[in-house]
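K.L.:
Got a predicted structure here, sequence first:
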Amino acid sequence: MPDKSLFKPDTRYTITLRMANNTVSPADIYVFRAYDKFLVARLAGADGLLRRIDYAQIERVVRTTEVVTADRYQVPAALLDEKSWVSREVMQHYASSSSKGK
């Protein structure tokens, strides 16, 4: 089972993820923070929600891709605090950036 040592912030990963219905599927994630028991990440190509992913849900890491500074997602630090995620699974956050043309 993967743990915190395999994950770094501001990095994209392709993983196999065990879903709530106990099926396994591939997922591309962008990791914002890696805590001792879980990650705070965003699924690529999905609904844009920030998600808590417990390490027990991750079957294996298939690929790791570093993200250059100009392409990193920016989220307020308060939304990524560990205490905000203790009792939460998902969080919706909308932001725009004039530098990204949005």
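P.N.:
Sure thing, it's come through.

K.L.:
List the pairing partners of the helix or strand of the chain with the lowest mean pLDDT within its sheet, with orientation.
P.N.:
The helix or strand of the chain with the lowest confidence, counting by mean pLDDT, DSSP states H and E, is strand 90-91 at a mean of 89. Take DSSP bridges as the rule and strand 90-91 pairs in its sheet with strand 50-54 (antiparallel).

K.L.:
For the partner strand, could you pull out the residues that count as buried?
P.N.:
Neighbour counts over strand 50-54 (16 or more other Cβ atoms under 10 Å) mark 50-53 as buried. (Glycine included, C-beta is placed from N, CA and C.)

K.L.:
from these, which single one is nearest F38?
P.N.:
R52 (5.1 Å; Cβ to Cβ).

K.L.:
Bridge partners for the closest one, pull those for me.
P.N.:
Beta bridges link R52 to V40, judged by DSSP bridges.

K.L.:
quick one, what contacts it?
P.N.:
38-40, 85, 88-90 (Cβ atoms under 8 Å, 6 or more residues apart in numbering).

K.L.:
Look at the most centrally placed residue in the chain and report its pLDDT.
P.N.:
In the chain, the residue lying closest to the centroid (Cα atoms, centre = their mean) is A41, at 1.3 Å. Note for A41: predicted pLDDT of 94.

K.L.:
Could you check which helix or strand contains the nearest residue to it once chain neighbours are set aside?
P.N.:
Using Cβ to Cβ, 6 or more residues apart in numbering and skipping the chain neighbours, the partner closest in space to A41 is I29 (4.2 Å). I29 is part of strand 24-34, with elements assigned from DSSP states H and E.
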